[in-house]
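Undergrad: Okay, sequence plus prediction incoming.
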Amino acid sequence: MRIGFHFLLMVFIALLTGIGLSYFALADGGLFGAYRINAWTAWPQAGSPNPDPYTRAFVARSGALQLGSAEGIQFVASRDSEGQLLQRTCNYRLMGTTPVASFWTLRAVATNGRSTTPRGSPQNLQSNRLSRTNIGAAILQVGPELAPQNWLEIEGEGPFDLILTLYDASIFAGFGSTISELPTITNKGCS
Amino acid sequence: MTRVVLWSISGLVLGLIIHLTLILALPHFQQNAVWAKISQLGEPGELLTLNQSLTDTENVLGLDPEMAYAVCRFDLSIGPGVLSGPLPDDFWSIGIFDSDGLAVYSTTNRSGVGKSLELGIFNTLQTRLLAEQQIALQEGLLIIESPQNEIFAVVRLAPPHPAMRDRYKDLLKQLRCGHLDRNDITSGIGDQG
């Protein structure tokens, strides 16, 4: 009887550890292979021919077209800079600089990959088409309520992800700029 | 109490083994892989411009709505793959991916290719024949070696403005995608692929 209890305890811990570790390694990108800074996560080896096993599993699980390492890199944020899940009923401000790239795009998607931007509205922000200050800085606003500067409208309820795609980026090529240059995501209030 | 701790440690070790097994096995059992989705879209050698509607719905391929996409699947056992045609002055990029969705090769407009793309994709055997000069090709062909026969190419164009998207999609449709035939090759590579 006692052996049975111990055996069940071992199986429970094994399943919890095995499945839990795998989930956090791939879904949240926090354990191995992923690069995290502020709220953003990227898989730098997703565009290389021989990635590590975690990146290989991430690519297989995502089922999405990846960017080759020469083409660019994609960052995903599921949480704001305070660590709270991004919600479609909230308004967010993105401030800061981005690594050197030919250009970048920012879009908002639901957890199933569907765009959270209303049909007919611009589906993304593009770095070459932004309103900027005199010193070249751009403030990005993401939320359901109309906002000044550069506004990416979202609709609906529930969590969403922000996807920042840098094209022709040099951040992992060893020159140009550093990975520390990514915008912060600040919650400006929820409706 | 000691036994509980020992059984718990055993559980942790077994959990780590399960974790590593899951990570290593996932690419082999993932039914949602990008190759399966690309294969459903068309045959090898068929150029496909990905529709914007894909981004309006589930966006299963994770497309960026800013970009115009074309995809071509190759089966190098038929013969070396070729991707050629005009390219715009603005940003473009090309990625060659294997059936696991991993990049074999990628480049952008900064590579100095110019406004006309001539890309040849060869498997290991074909590359060896090429090196032994048993295949003669047109000059100017950018040669890529692929370790696998089943691969696909993704061409991304960046229209400067959304209003120019249709023009860029037309440009994508002018790309030639297929396999080299005997008119392109002086030695019969098709017999040996």
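TA: Right, received. Where do you want to start?
Undergrad: and the residue nearest to A:Leu85 when sequence neighbours are not counted, what are its bridge partners?
TA: Ranked by Cβ to Cβ, 6 or more residues apart in numbering or on different chains and with sequence neighbours excluded, the top spatial neighbour of A:Leu85 is A:Pro159, at 4.9 Å. All C-beta spots, glycine's among them, are computed from the backbone N, C-alpha and C. In this entry, A:Pro159 is beta-bridged to A:Gln87, by DSSP bridges.
Undergrad: Give the burial count for A:Pro159, as a bare number.
TA: 13 (other Cβ atoms under 10 Å in any protein chain shown).
Undergrad: for B:Tyr168, same thing?
TA: There are 20 residues near B:Tyr168, going by other Cβ under 10 Å.
Undergrad: The residue nearest to A:Leu85 reaches A:Arg88, doesn't it?
TA: Yes: with contact defined as Cβ atoms under 8 Å, A:Pro159 and A:Arg88 form a contacting pair (7.4 Å).
Undergrad: Can you pull the residues that touch both of the two?
TA: Both A:Pro159 and A:Arg88 are contacted by A:Ala110, under the criterion Cβ atoms under 8 Å, 6 or more residues apart in numbering or on different chains.
Undergrad: can I assume B:Ile38 sits in a helix?
TA: Yes: assignment of B:Ile38 by DSSP: H, G, I helix; E, B strand; the rest coil places it within a helix.
Undergrad: Leaving out chain neighbours, which residue sits closest to it?
TA: Per Cβ to Cβ, 6+ apart, closest to B:Ile38 is B:Phe152, 5.2 Å.
Undergrad: Same question for B:Leu14.
TA: A:Ala14 (3.7 Å).
Undergrad: Could you do A:Gly96 as well?
TA: A:Pro183 (3.7 Å).
Undergrad: Dihedrals phi and psi, the one you found?
TA: Note on A:Pro183: its backbone torsions stand at phi -70, psi 150 [degrees, to the nearest 10].
Undergrad: Tell me which residues of stretch A:48-66 come out buried.
TA: For stretch A:48-66, burial by neighbour count (16 or more other Cβ atoms under 10 Å in any protein chain shown) applies to A:48-49, A:51, A:54-66.
Undergrad: Show me which of the residues you listed is closest to chain B.
TA: Using Cβ to the nearest Cβ, A:Ala64 comes nearest to chain B of the buried residues of stretch A:48-66, at 2.9 Å.
Undergrad: Shouldn't the closest one be within a strand?
TA: No: per three-state DSSP, A:Ala64 lies outside any strand segment and is coil.
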